[in-house]
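Enquirer: How does the following fold in three dimensions:
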Amino acid sequence: MSRKHRVWFPGAKYHITNRGNRRSSIFYDDFDYEVYLQFLEETRRYFPFYLLSYCLMTNHVHLQIETIHHHPKDMMKMLNSRYAMYFNKRHHLVGHVFQGRYGAELIDSKDYLLDASKYIHLNPVEANMVKSPCDYQWSSYNAYISNSVNPHITTT
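Expert: Numbers count the residues shown, from 1 in each chain. Have a look, this model is predicted:
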């Protein structure tokens with residue numbers, strides 16, 4: 001049976017999630033996080049989109065995006081395959097890096113847009129990794145609460 005097609009239209013906003021296979025880590029060190037963000041930027045140049053917020057956790061990612069002209073499946077296929085090839089090669093592994101299909105919840109209201117951003121940014125706090133979201137290095141939170149510049153996101 002084929003998968004259900006996801007709703008897409010130019011300007012659609014999504015909360016995208018992707019977890020490591022068997023809930024395994026997909027980032028072993030800072031270099032892995034940096035490479036993921038680099039691949040995210042390369043993907044964005046090829047399939048333009050707005051990144052509204054993000055949080056890269058040890059074994060999963062959260063991306064809040066707004067599409068422009070391309071379906072998120074195109075973006076996620078490129079991003080996931082490039083990162084998986086890099087990750088397996090660097091860490092001398094084989095097999096799937098990500099567990100199944102990425103999750104994509106269509107954001108259909110301003111309230112849900114704000115709730116998704118709040119959920120994404122509080123993820124490291126809920127996981128007891130940090131006491132405050134401003135202490136977590138691999139999210140877009142600080143760009144929203146301070147003057148720090150984050151080249152990956154669109155805050156307006």
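
Enquirer: could I have stretch 85-94 exported to PDB, CA atoms only?
Expert: Extracted in PDB, the C-alpha atoms of stretch 85-94 (Å, rounded to 0.1, in the frame of the first residue of the first chain):
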ATOM      1  CA  MET A  85      25.900   9.200   3.900                       C
ATOM      2  CA  TYR A  86      28.100  11.600   5.800                       C
ATOM      3  CA  PHE A  87      27.300  10.200   9.200                       C
ATOM      4  CA  ASN A  88      27.800   6.500   8.200                       C
ATOM      5  CA  LYS A  89      31.100   7.300   6.500                       C
ATOM      6  CA  ARG A  90      32.500   9.400   9.300                       C
ATOM      7  CA  HIS A  91      31.500   7.000  12.100                       C
ATOM      8  CA  HIS A  92      32.200   3.800  10.100                       C
ATOM      9  CA  LEU A  93      28.600   2.600  10.300                       C
ATOM     10  CA  VAL A  94      26.100   1.000   7.800                       C
END
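
Enquirer: What's the first helix or strand after the helix or strand residue 53 falls within?
Expert: Element membership of residue 53, judged by DSSP states H and E, is strand 49-56. Beyond strand 49-56 in the direction of the C-terminus, DSSP H and E gives the next helix or strand as strand 60-67.

Enquirer: now that next one and strand 49-56, what's the angle there?
Expert: Going by axes from the mean of the first three to the mean of the last three Cα atoms, to 10 degrees, strand 60-67 is angled at 170 degrees with respect to strand 49-56.

Enquirer: Pairing partners for strand 60-67, with directions?
Expert: strand 13-19 (antiparallel), strand 49-56 (antiparallel) (DSSP bridges).

Enquirer: Would you mark the buried spots in the longest helix along the chain?
Expert: Assignment by DSSP state H gives helix 72-90 as the longest helix of the chain. Under the neighbour-count criterion of 16 or more other Cβ atoms under 10 Å, helix 72-90 has 72, 74-76, 78-80, 82-84, 86-87 buried. Heads up, the C-betas are built off the backbone N, CA and C, glycines and all.
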